[in-house]
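Student: Here is the input, now give the coordinates:
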Amino acid sequence: MFGRKKAAMKSEKSQSTEKSSGYAKVHNFFGFSKGYNFILWFTFAGALFGFSLARLQYLDVNGIFCGSKPGANHAAPGECYYYQTFDRYKIGIRLHLYTIIPASLLVVLQFTPIIRYKTILFHRMTGYVVVLLATIANVGALMIARHAFGGGVEVQAWVGLLVIMTMVGLFLAYYNIKRLQIDQHRAWMLRTWFYFASIITLRIIMIIAAQILTAAGDYWTVQDCAKLLDIFHSSQTLTDLYPSCAALVSGADMNAVTLVHVDFNGTAAELMSAMNASFGMAGWIALTLHAVGVEIYLHLTPQETRRLRELSYKRQLEAGHKNPGNSGLVPQEDFSTAEHPSLSSAGSRKEAISPL
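Tutor: Numbers count the residues shown, from 1 in each chain. The predicted structure follows:
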């Protein structure tokens, strides 16, 4: 009787293994020992990779990003007035695009365990490149913040906070890996790129919010007449639609501004107004969601954190650190009396230190 039960259980287990073998082969190919980690990597890293890959064309700033071809995928209306007119913004947008897009593509490789399995040197060198590129990208973002999507105080504050959060995250990730504190390196790299990736969620929220403001029908933004002239390419059209901009056309006031109605489905100027009105708010909500979300994820994966903490102890002990297991910025723990099964010969096998 027990023999039949055992055989039946073995048969069911075998069938279950066969059903999942295809999926197991896929996630093992990328270096993931656990299937749920692969799903998370595919979802979040895949979204960042796809978003960045779609924007590789923006590296052609004059031809595509600031191109004028109708229906093309390029910058929001009015944005390129500054990027093509003033040196500060010409340099700033190029610094940002030429660095953040490659960094976002390369960091996906950093989050792929098989890379660390096979080419640890490549992982380390790419890590330095990503940190450098992300730092330069933040400099570019600060340079263009004054006029990005309207450049309101809320937009500038959001850009400044995002720069602070990502730079602190990069520094702590770098510091902890130099101290062989692998668990904290994972945590801070995850935090940093979740913060960066909030720009994807921002765009979704911005479009939804712009539609809501359009439906409300009573929202307006203040816009530079010079930027509107750059959109319409006709002083007659500009003054017909916005009479207060006649001061710019006549040369009486080169800093003239006017109110533009928020309408996501209206003219290019009204679309610009809708995006400007919702961008800052969307940035704050998106950043908050990502900051909270990554902390929830880290708290839901204590076993991975524990495994990497024990691996950090082993690496620091081998390196001769005075207080192994506690060399990085981490809550102090006494490893001298604790037993760590994962540090046994079986547990210390060469594993991927998956950031996910």
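
Student: Show me what counts as buried in stretch 205-225.
Tutor: Residues of stretch 205-225 classed as buried under the neighbour-count rule (16 or more other C-beta atoms under 10 Å) are 205-206, 209-210, 213-214, 219, 221, 223-225. Placement of C-beta: from N, CA and C, glycine included.

Student: If you could redo that for stretch 64-81, that was the one I meant.
Tutor: Buried residues in stretch 64-81, counting neighbours by 16+ other C-beta under 10 Å, are found at 64-67, 74-81.

Student: ditto for stretch 229-243
Tutor: Using 16+ other C-beta under 10 Å as the test for burial, stretch 229-243 gives 229-232, 238-239, 241-242.

Student: OK, contacts around the residue lying closest to residue 317 once chain neighbours are set aside?
Tutor: If the residues on either side of it in the chain are set aside, residue 317 comes closest to residue 324, at 4.0 Å by C-beta to C-beta, 6 or more residues apart in numbering. Contacts for residue 324 (C-beta atoms under 8 Å, 6 or more residues apart in numbering) come out as 313-314, 316-317, 335.

Student: could you redo the last one with a cut-off of 7 Å?
Tutor: By C-beta atoms under 7 Å, 6 or more residues apart in numbering, the residues touching residue 324 are 313, 316-317, 335.

Student: any idea how far residue 100 is from it?
Tutor: Taking C-beta to C-beta, to the nearest Å as the measure, residue 324 falls 37 Å from residue 100.

Student: returning to what we had before: so which of the buried residues of stretch 64-81 comes closest to residue 250?
Tutor: Among the buried residues of stretch 64-81, residue 81 lies closest to residue 250 (C-beta to C-beta), at 19.6 Å.

Student: That closest one is in what secondary structure piece?
Tutor: helix 79-85 (DSSP states H and E).

Student: Can you show me the CA trace of the helix or strand that residue 94 is a member of as PDB?
Tutor: Element membership of residue 94 [criterion: DSSP H and E] is helix 87-110. Only the C-alpha atoms of helix 87-110 are listed here, as PDB (Å, rounded to 0.1, in the frame of the first residue of the first chain):
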ATOM      1  CA  ASP A  87      23.900  76.500 -25.300                       C
ATOM      2  CA  ARG A  88      23.100  75.400 -21.700                       C
ATOM      3  CA  TYR A  89      20.100  73.400 -22.800                       C
ATOM      4  CA  LYS A  90      21.800  72.100 -26.000                       C
ATOM      5  CA  ILE A  91      24.600  70.700 -23.800                       C
ATOM      6  CA  GLY A  92      22.300  69.500 -21.000                       C
ATOM      7  CA  ILE A  93      19.900  67.500 -23.100                       C
ATOM      8  CA  ARG A  94      22.800  65.800 -24.900                       C
ATOM      9  CA  LEU A  95      24.600  65.000 -21.700                       C
ATOM     10  CA  HIS A  96      21.400  63.400 -20.400                       C
ATOM     11  CA  LEU A  97      20.300  61.400 -23.400                       C
ATOM     12  CA  TYR A  98      23.800  60.300 -24.400                       C
ATOM     13  CA  THR A  99      24.400  58.800 -21.000                       C
ATOM     14  CA  ILE A 100      21.100  57.700 -19.400                       C
ATOM     15  CA  ILE A 101      20.000  55.600 -22.400                       C
ATOM     16  CA  PRO A 102      23.200  53.500 -22.600                       C
ATOM     17  CA  ALA A 103      23.300  53.300 -18.800                       C
ATOM     18  CA  SER A 104      19.700  52.000 -18.600                       C
ATOM     19  CA  LEU A 105      20.500  49.300 -21.200                       C
ATOM     20  CA  LEU A 106      23.800  48.200 -19.600                       C
ATOM     21  CA  VAL A 107      22.200  48.000 -16.100                       C
ATOM     22  CA  VAL A 108      19.900  45.300 -17.300                       C
ATOM     23  CA  LEU A 109      23.000  43.200 -17.900                       C
ATOM     24  CA  GLN A 110      24.100  44.000 -14.300                       C
END
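
Student: Centre of the chain to it, how far?
Tutor: Put simply, helix 87-110 sits 12 Å off its chain's centre (C-alpha atoms, centre = their mean, to the nearest Å).

Student: returning to what we had before: pLDDT at the residue nearest to residue 317, what is it?
Tutor: You'll see residue 324 listed with a pLDDT of 94.

Student: wait, is it part of a helix?
Tutor: No. Per DSSP: H, G, I helix; E, B strand; the rest coil, residue 324 lies outside any helix segment and is coil.
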